[in-house]
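> Compute the structure for the input listed below.
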Amino acid sequence: GWGNSELEYYTGGTSNVATDGQGNLQITAKKADGSLMCYYGPCEYTSARLLTKNRFEVAYGRVEARVKVPAGAGLWPAFWMLGTDIDQVNWPQTGEIDIMEYVGRVPNEIFGTLHGPGYSGGQSYGKSVDLGKPVADDFHTYAVEWQPDKITWLLDGVPYFTATPNDPFLQGKQWVFNHPFFILLNMAVGGNFGGAVSPDTVFPATMSVDYVRLYQTKPTPVSFTTSFREDFSGWKKVSLPFTAFQNMDGFTLDLTNIQTLRFTIPDGSNVPVMLDQVRLNCPETVTVQNTADNGAGSLRKALGTVCVSGTITFDPALAGQTITLLSGPLTLGKNVTIDASAAPGLGISGNNADRVFIVNAGTTATVKYLTVKNGFGWQLAGGILNNGSLTLDHVTVTQNVMATDAGDFWQGGGGIYNGSGSTFNLIDSTISNNQAAWSGGGVYSFFNSTNNIIRSTISGNVSNDVGGGIRSLGNFSIVDSTISGNTSTGWFGGAMFVTDGIVHVTNSTVANNVSPEWAPADVFVGTFTAANATLTFTNSIVSSAQSNCFFAPWGAGVVTLTANHNNLFTDNSCFTGSSDLVVFDVGLEPLADNGGPTLTHALLPGSPAINAADVAACSATDQRGVARPQGASCDIGSYEAP
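Below you'll find the model as predicted:
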């Protein structure tokens, strides 16, 4: 819905955007066939959105397009811009310049608008123009002339609105438009501004774009030169001696005014040279100095400042404090490590209004020694939405909430939602007391995700559907970990609900999880489709007052449930083998701090788990980091008894 309850699904390829052979780009909204899923169920419409993010950016000049919009209530074509720092500061702090918006329910008007902090959405700043006839009848030229502290909107070459920071409406508010932006063209359907789709609106509906142009003053180039030598092969970081660069008048290069960098290879060289990245005054390490949501010294500012693959640390004075996010999630759009080990007990709160972290696809991020709490996500991801590669090391994810108005299989993740193709590593960490209004109270992992749970605890999470602790459609490796006291209130799988992929559970403890009386199973493994699902237990404890496992080969795919060897169960429902033990009482202490970074279930003296594991399959340490074995053989479960 793009934050506006829109109805379209933006597709890739040429099904919704293509050139027409007459010099026009056409964005076409179509009725969907129901095979694509949107937040409200099967998508009703498809469309396209083009953007120049990470490809082309502009700061100042005349940005112009000649466009013909389609008629029809519920259509919402737009030509607009967003700040290039959106992944660091989020919307509306990044700024939005709507050069042209048209909504078919108001056929004679176009809108030019600014969105910024304190004046976004329904409180934005702008003006509309009534053409006195339908806008969709012909092509029109839409433009802004943009300079520092001033933006003027033009329709067919005639100015109709100018905004500056001194305008009465903007007094006391931030002007966030003096930095680079990228350009977007799209056609939405429905939404808060687009309005309801009329039965009379004709689909396909096409937005035609004759051109997009940028006019800028051509600067007079000034060259600065120096000589230096780097003689090496292979990859190497090269530091250019900028302070030595001078022009012909003897002036030293001012780094703040660089417009262009050009690299040339000495004449006669046939050796290919590759540049990975260019950094200008980019710190490898940035230290967060305060708990502010934004501005100097804040975590959000540090994320925008630090180099790619850099590290963010925290002032020790922040120990035990909380950073409360007031302007949206922290988006991790570049490889980064966030290490709070110097400030023990530091937390980041979503203020019960939004998620805490979003990890973009293609991004590798590591977060250490933080508490992620009080996040809120609509339809998915209460605390963290991970579409990249995320490692949580000594992190607690707690008291986050995912909400929905109508559940569907793709919705969930009270604590964390891992998207398709993502990688998730949970190390010495805790996911506890999160709630999903649909599935995966603690963790939801979508198709084709890779998940590694190592020496960690998933406890006290609740889902209103399935998978109180974990909802898995991807692949999981769970080693030396505890899944305890989670609840699914809707159906099977108080601990885990597995329908796709491969899940291996080794030297772990699954205990005291709860599902409803009419669906009494700690662990569910099954399939409803042609996909295969595999779950294996090795050296693990599964203890429940209900059925340990439920096996459901209800689809065309192959379902495999294997108790590999030397497991400890309280019934035979997990297809126990000859080396497995089935007992009434596995001999567990309550979940508690038994040493190490996470809570564990200690083994009572005389527990049948002691010395009963297959030593050849045991890991080197237990969940707390205690070496295995401590006795004649290692113990079953995540805890090694002394």
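> Measure how buried N539 is and give me the count.
Neighbour count for N539, taken as other C-beta atoms under 10 Å: 31. Using the backbone N, CA and C atoms, a C-beta is placed for each residue, glycine as well.
> thought it was touching V615?
No. Between N539 and V615 there is no contact under C-beta atoms under 8 Å: 9.2 Å.
> between those two, what contacts are shared?
Common contact partners of N539 and V615 (C-beta atoms under 8 Å, 6 or more residues apart in numbering): C634.
> pLDDT score for G122?
pLDDT for G122: 85.
> what do you get for G118?
For G118, the pLDDT comes out at 88.
> which residues are contacting stretch 600-618?
Here stretch 600-618 makes contact (C-beta under 8 Å, 6+ apart) with 457, 482, 484, 506-507, 509, 511, 538-539, 541, 564-566, 568, 579, 581, 583, 586-592, 594, 622-624, 628-629, 631-639, 641.
> measure it end to end?
17 Å (C-alpha to C-alpha, to the nearest Å).
> on that earlier part again, name only those of the contacts of stretch 600-618 that count as buried.
457, 482, 484, 506-507, 509, 511, 538-539, 541, 564-566, 568, 581, 586-588, 591, 594, 622-624, 628-629, 633-639, 641 (16 or more other C-beta atoms under 10 Å).
> Strands along the stretch 51-200 of the chain, start to end?
For the stretch 51-200 of the chain, the strands defined by DSSP state E, counting those that start in this stretch occupy 61-68, 75-83, 96-101, 109-115, 125-130, 140-147, 150-155, 158-163, 181-189.
> For G234, find the nearest of those.
Checking these against G234 by C-beta to C-beta gives strand 181-189 as the closest, at 34.1 Å.
> Quick one: residues contacting the spatially most central residue of the chain.
Closest residue to the average C-alpha location of the chain: I358 at 3.0 Å, with C-alpha atoms, centre = their mean. Residues near I358 by C-beta under 8 Å, 6+ apart: 329-332, 381, 384-385, 387.
> ok, now which ones touch the closest residue to S15 other than its chain neighbours?
Counting by C-beta to C-beta, 6 or more residues apart in numbering, S15 lies nearest to T46, which is 7.0 Å off, once chain neighbours are set aside. By C-beta under 8 Å, 6+ apart, T46 lies in contact with 8-11, 15-16, 29-30, 32, 36.
> Now T46: which helix or strand?
strand 45-47 (DSSP states H and E).
> now that strand: mean pLDDT?
Computed over strand 45-47, the average pLDDT equals 95.
> in stretch 537-554, what counts as buried?
537-544, 546-552.
> Kindly report the same for stretch 52-72.
By 16+ other C-beta under 10 Å, the buried positions in stretch 52-72 come out as 52, 58, 60, 62-72.
> in stretch 305-322, what's buried?
Residues 306-307, 310-315, 318 are the ones in stretch 305-322 that count as buried (16+ other C-beta under 10 Å).
> Not counting its own residues, what contacts it?
Residues from elsewhere that reach stretch 305-322 (C-beta under 8 Å, 6+ apart): 277, 279, 282-291, 299, 302-303, 334-340, 342-349, 373.
> now the end-to-end length of that stretch.
21 Å.
> What about the contacts of stretch 600-618, which are in strands?
If you go by DSSP state E, the contacts of stretch 600-618 have 457, 482, 484, 506, 509, 511, 538, 541, 564-565, 568, 581, 588-592 in strands.
> And for the helix or strand encompassing I431, what's in contact with it?
In the assignment (DSSP H and E), I431 maps to strand 430-432. By C-beta under 8 Å, 6+ apart, the surrounding residues in contact with strand 430-432 are 395-398, 415-416, 442-443, 456-461, 598-599.
> Partner strands of the next helix or strand after that strand, with direction?
Using DSSP H and E, the helix or strand that directly follows strand 430-432 along the chain is strand 435-436. Looking at strand 435-436 with DSSP bridges, its partner strands are strand 401-403 (parallel), strand 462-463 (parallel).
> Most tightly packed of those strands?
Counting by mean count of other C-beta atoms under 10 Å, strand 462-463 has the highest mean neighbour count of those, with a mean of 28.
> quick one: buried residues of the longest helix seen in the chain?
Using DSSP state H, we find that the single longest helix of the chain is helix 299-305. Neighbour-count burial for helix 299-305 flags 299-303 (criterion: 16+ other C-beta under 10 Å).
> Endpoint to endpoint, stretch 621-637 covers what distance?
For stretch 621-637, by C-alpha to C-alpha, the gap between its terminal residues amounts to 11 Å.
> Show the average pLDDT along that stretch.
Per-residue pLDDT over stretch 621-637 has a mean of 96.
> Find me the pLDDT at R355, would you?
We note a pLDDT of 95 for R355 in this prediction.
> With the one 10 residues further on instead?
Reading off the per-residue confidence, A365 sits at a pLDDT of 97.
> For beta bridges, what are the partners of it?
Note on A365: beta-bridge partners by DSSP bridges are V336, L390.
> Over to S47?
With DSSP bridges as the rule, S47 is bridged to Y10.
> pretty sure it contacts M187?
Yes. Using C-beta under 8 Å, S47 makes contact with M187 at a distance of 5.0 Å.
> What is the subsequent helix or strand relative to the one helix or strand G377 maps to?
In this structure, G377 sits in strand 376-378 according to DSSP H and E. Note on strand 376-378: by DSSP H and E, the next helix or strand toward the C-terminus is strand 384-386.
> Go ahead and name everything in contact with that following strand.
329, 355-359, 372, 375, 377, 390, 397, 400, 413, 415-419, 422, 424.
> The same query, at a cut-off of 10 Å, please.
329-332, 350, 355-361, 363, 365, 367, 372, 375, 377, 390, 392, 395, 397, 400, 402, 413, 415-419, 422-424, 431, 443, 445-446, 449, 451 (C-beta atoms under 10 Å, 6 or more residues apart in numbering).
> Taking these, please make a ChimeraX selection of just the buried ones.
This is how ChimeraX selects the buried members of the contacts of strand 384-386, with burial counted by 16+ other C-beta under 10 Å:
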select :329,330,331,332,350,355,356,357,358,359,363,365,367,372,375,377,390,392,395,397,400,402,413,415,416,417,418,419,422,423,424,431,443,445,446,449,451
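> I'd say S422 and S449 touch.
Yes. Between S422 and S449 there is a contact at 4.8 Å, judged by C-beta atoms under 10 Å.
> Common neighbours of the two, please.
Here S422 and S449 have 386-387, 474 as joint contacts, going by C-beta under 10 Å, 6+ apart.
> T162: which of these is nearest?
Closest approach to T162 among the shared contacts of S422 and S449 (C-beta to C-beta): N387, at 39.5 Å.
> biggest strand in the chain by residues?
strand 205-215.
> Who are the packing partners of that strand?
strand 17-19, strand 25-31, strand 45-47, strand 61-68, strand 75-83, strand 140-147, strand 181-189 (3 or more C-beta pairs under 10 Å, 6 or more residues apart in numbering; DSSP states H and E).
> now with 6 Å?
Packing partners of strand 205-215 (3 or more C-beta pairs under 6 Å, 6 or more residues apart in numbering; DSSP states H and E): strand 25-31, strand 61-68.
> Quick one: name whatever helix or strand follows that strand.
Using DSSP H and E, the helix or strand that follows strand 205-215 in sequence is strand 285-288.
> what's the spatially most distant residue from the centre of the chain in contact with, if anything?
Using C-alpha atoms, centre = their mean, the residue of the chain lying farthest from its centre is D249. It sits 50.0 Å away. Contact analysis of D249 by C-beta atoms under 6 Å, 6 or more residues apart in numbering lists nothing.
> try it again with 10 Å
Taking C-beta under 10 Å, 6+ apart as the test, what D249 contacts is V222.
> Ends of stretch 577-587, what's the gap?
21 Å.
> now stretch 446-459
20 Å.
> Any idea how far it is from the middle of the chain?
Relative to its chain's centre, stretch 446-459 lies at 16 Å (C-alpha atoms, centre = their mean, to the nearest Å).
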